[in-house]
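K.L.:
return a 3D structure for these sequence lines:
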Amino acid sequence: MEAPFNYITESLNITKAVANECSRSGDNEYSVNYYMNLPKYKKQLLKLDKEQVRNELNEYGAWEDDELENHEDNLQRLFWLACGNISDMI
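P.N.:
Residues are numbered from 1 along each chain as shown. Okay, the predicted model is just below:
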């Protein structure tokens, strides 16, 4: 399924199964890291503009500016949010 964003021109295509796996209650860090590093998803994530990703995450208000300086961490956050959004749409 496609996860659209407000500040990012690209979208992420994530399967329902992966979205559900990465958005369960509890700690999803292992699942998110595993799936976001699979070639299918890593390729999509690498296409995203760093500033657009930062702006998208900043809109949530959940992270301080200094926390949003690390692009790899931002991609992890974005992938997790995208999975949650897809799970909510199912």
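
K.L.:
just the element for the spatially most central residue of the chain, please.
P.N.:
By CA atoms, centre = their mean, the chain has its centre lying nearest to Phe79, at 1.7 Å. Assigned by DSSP states H and E, Phe79 belongs to helix 71-89.

K.L.:
in that helix, what's buried?
P.N.:
Within helix 71-89, the residues that count as buried by 16 or more other CB atoms under 10 Å are 74-87. Just so you know, the C-beta spots here come from the backbone N, C-alpha and C atoms, and that holds for glycine as well.

K.L.:
so, low pLDDT: which residues of this protein?
P.N.:
90 (pLDDT under 70).

K.L.:
hang on, the earlier thing: the residue nearest to the centre of the chain reaches Asn13, doesn't it?
P.N.:
No: contact criterion CB atoms under 8 Å: Phe79 and Asn13 do not qualify, at 11.8 Å.

K.L.:
hey, where'd the helices end up in the protein?
P.N.:
16-21, 29-36, 39-46, 50-60, 71-89 (DSSP state H).

K.L.:
out of these, nearest to Asn6?
P.N.:
helix 50-60 (6.3 Å; CB to CB).

K.L.:
starting at the chain centroid, how far to the closest one?
P.N.:
Put simply, helix 50-60 sits 11 Å off its chain's centre (CA atoms, centre = their mean, to the nearest Å).

K.L.:
residues contacting it, please?
P.N.:
Residues from elsewhere that reach helix 50-60 (CB atoms under 8 Å, 6 or more residues apart in numbering): 5-9, 63, 65, 68, 71, 74-75, 77-78, 81.

K.L.:
next, the angle from the helix holding Phe79 to helix 29-36.
P.N.:
Interaxial angle of helix 71-89 relative to helix 29-36 (axes from the mean of the first three to the mean of the last three CA atoms, to 10 degrees): 100 degrees.

K.L.:
and helix 71-89, what other elements does it pack with?
P.N.:
strand 2-3, strand 12-13, helix 16-21, helix 29-36, helix 39-46, helix 50-60 (3 or more CB pairs under 8 Å, 6 or more residues apart in numbering; DSSP states H and E).
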